[in-house]
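S.K.: Need the 3D shape of this:
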Amino acid sequence: MATSKTTNTYNRQNWEDADFPILCQTCLGDNPYIRMTKEKYGKECKICLRPFTVFRWCPGARMRFKKTEVCQTCAKLKNVCQTCLLDLEYGLPIQVRDAALKMKDDLPKSDVNKEYYIQNQERELSRTDPGSMNAKLNEPNDLLMRLARTAPYYKRNRPHVCSFWVKGECRRGEECPYRHEKPTDPDDPLADQNIKDRYYGINDPVADKLLKRAAAMPALPPPEDKTITTLYIGNLGTLTEQDIRDHFYQYGEIRSVSLVPKQQCAFVQYTTRSAAEAAAEKTFNKLILGGRRLTIKWGRSQGRSGPSIVGHISDAYEPVPGLPGALPELSNNFFNLEPGHIPLPNMPPPASLMVPPLFGPPPIPSFFFNPAQIPNFVSPAASASTSTATSETVTKQTVHYPSQDPSRLGATQLHADRQE
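M.R.: The predicted model follows:
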């Protein structure tokens, strides 16, 4: 029975000829001007063993040359890059993507069945849109959104480790195109990788590492305070308030959006707690806007506000040490004083003069601008004995206000003394 290689040798109509490769942004490099070589039927695909067009290029300065490893038909079947064999949408291994989307690999493993299957799929791809065959790959998934790379990882294009430097025999120095670094530990699972395992999604050490990371990712539990309906949005970059509002309104009615440009963050407040919980669950470690992964956290409690604070001052605020306590309640006798009477020393002043109410100006007592007149000083025609006794009594009593001191209200008395 003829082998697959012999069959491909004579069945030249199935060989692949392409004008440009299918690559991810990382493998293509950060340089917009790339010189790429093209070799028609230069190599066999490592999956279907059919000859295909090989492309070779350098992704950037101090990077190693890269080339395509699989044909375009195999890359389209899995929606992967022809070089790194990572998913083009999320930049993740096939094993992680298939586990998240619960997809099964139906690609045959034997050579004859695999060649027949590839030929049939190639005809389907030529008649239909490749995206229609991978419709399930475009479905949103929370696990893939959390693990996906938001920016190209150009570190993957670095040169290989210099084997002569490891032995201590490299004499090129800085001109050596290879890395002078300690190689990976042979016992490390990441050191044992091959293309076929990555393509079929089995025994991939990189995929195992990512799945373990996903299992250990923290969650965002809602706070116990049910009054908190605000979410903190960080790492905004150049996003505007309208961009944030356009995305977060889908989870519920928004009360306000506060943007802090200096801190590159914003606060989104919902009208209901259920809407805030739904937004936190759908966006935590998953939301990517403007090419940036946003940081989602719960906002802090702003305290009680509105009319409820009037009746709960003691509950909302704790007493400050060192300040005097609250004034005792006054009796009605203070406001029923007869003219000429002075309040007792142990009687406190009215609360309206010392502690203003929370709302509006304090009420002004009737005697504030018209102090009680003392008969001893108002009527100089009174008897000398009565005046002397009254003045001694007033002097001995302790006054509470400076305005009640006879020496300060003694303008009439001083004037009378000068006349005498």
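S.K.: SS state for the nearest residue to E277 once chain neighbours are set aside?
M.R.: When the adjacent residues along the chain are set aside, E277 lies closest to P222, with 5.3 Å between them (Cβ to Cβ, 6 or more residues apart in numbering). Every C-beta, even on glycine, is put in place using the N, C-alpha and C of the backbone. Following DSSP: H, G, I helix; E, B strand; the rest coil, the label given to P222 is coil.
S.K.: can you tell me how far M217 sits from W298?
M.R.: When distances are taken as Cβ to Cβ, to the nearest Å, M217 and W298 turn out to be 17 Å apart.
S.K.: how long is stretch 239-254 end to end?
M.R.: Separation of the first and last residues of stretch 239-254 by Cα to Cα, to the nearest Å is 18 Å.
S.K.: Now stretch 62-82: average pLDDT?
M.R.: Across stretch 62-82, pLDDT averages out at 92.
S.K.: these two touch, right, V166 and T184?
M.R.: No - with contact defined as Cβ atoms under 8 Å, V166 does not reach T184; the gap is 11.3 Å.
S.K.: Count the residues that sit near the residue nearest to E277.
M.R.: Residues contacting P222 under the criterion other Cβ atoms under 10 Å number 13.
S.K.: Let me see the contact set for it.
M.R.: Taking Cβ atoms under 8 Å, 6 or more residues apart in numbering as the contact definition, P222 lies against R273, A276, E277, A280, W298.
S.K.: go on, H160?
M.R.: Going by Cβ under 8 Å, 6+ apart, H160 touches R64, Y178, R179.
S.K.: CSV please, covering these and showing neighbour count and secondary structure.
M.R.: Converted to CSV, the contacts of H160 look like this (neighbours: other Cβ atoms under 10 Å; DSSP: H, G, I helix; E, B strand; the rest coil):
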residue, neighbour count, secondary structure
R64, 14, coil
Y178, 16, coil
R179, 15, strand
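S.K.: from the residues you listed, which is closest to C81?
M.R.: C81 has its nearest neighbour among those in R64, at 16.0 Å by Cβ to Cβ.
S.K.: For the closest one, which residues are in contact?
M.R.: Under the criterion of Cβ under 8 Å, 6+ apart, the contact partners of R64 comprise C58, N157, R158, P159, H160, P177.
S.K.: And for T37?
M.R.: Per Cβ under 8 Å, 6+ apart, neighbours of T37: F55, R56, W57.
S.K.: from those, which would you call buried?
M.R.: F55, W57 (16 or more other Cβ atoms under 10 Å).
S.K.: and which of the contacts of T37 is nearest to K114?
M.R.: Using Cβ to Cβ, the shortest approach to K114 within the contacts of T37 belongs to F55, at 23.5 Å.
S.K.: Just the mean pLDDT for the helix or strand hosting that closest one, thanks.
M.R.: Following DSSP states H and E, one finds F55 within strand 51-57. Strand 51-57 shows an average pLDDT of 94 in the prediction.
S.K.: Stretch 248-267 too?
M.R.: When pLDDT is averaged over stretch 248-267, the result is 91.
S.K.: likewise stretch 88-100?
M.R.: Averaging pLDDT residue by residue across stretch 88-100 gives 90.
S.K.: What are the contacting residues of it?
M.R.: Taking Cβ under 8 Å, 6+ apart as the criterion, the residues outside stretch 88-100 that touch it are 22, 24, 26, 78-81, 85-87, 103-105, 137-138, 141, 143-144, 147-149, 153, 198-202, 204, 206-207, 210-211.
S.K.: Can you select the buried ones among those residues for me in PyMOL?
M.R.: If you want just the buried ones from those in PyMOL, going by 16+ other Cβ under 10 Å, the selection is:
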select buried, resi 22+24+26+78+79+80+81+85+86+87+137+141+143+144+147+148+198+199+200+201+204+206+207+210+211
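S.K.: Please name the bridge partners of the residue lying closest to N235 once chain neighbours are set aside.
M.R.: Ranked by Cβ to Cβ, 6+ apart and with sequence neighbours excluded, the top spatial neighbour of N235 is T295, at 5.0 Å. With beta bridges defined as DSSP bridges, T295 has these partners: G234.
S.K.: any idea which of the contacts of T37 is the one closest to T73?
M.R.: Distances from T73 to these, taken as Cβ to Cβ, are shortest for F55 (15.3 Å).
S.K.: need the strands for the stretch 1-150 of the chain, in chain order.
M.R.: Counting by DSSP state E, counting those that start in this stretch, the stretch 1-150 of the chain has these strands, from start to end: 36-44, 51-57, 66-67.
S.K.: Find the one among those strands with the highest mean neighbour count.
M.R.: Taking mean count of other Cβ atoms under 10 Å as the contact definition, the stretch among the strands of the stretch 1-150 of the chain with the greatest mean neighbour count is strand 51-57, which reaches a mean of 21.
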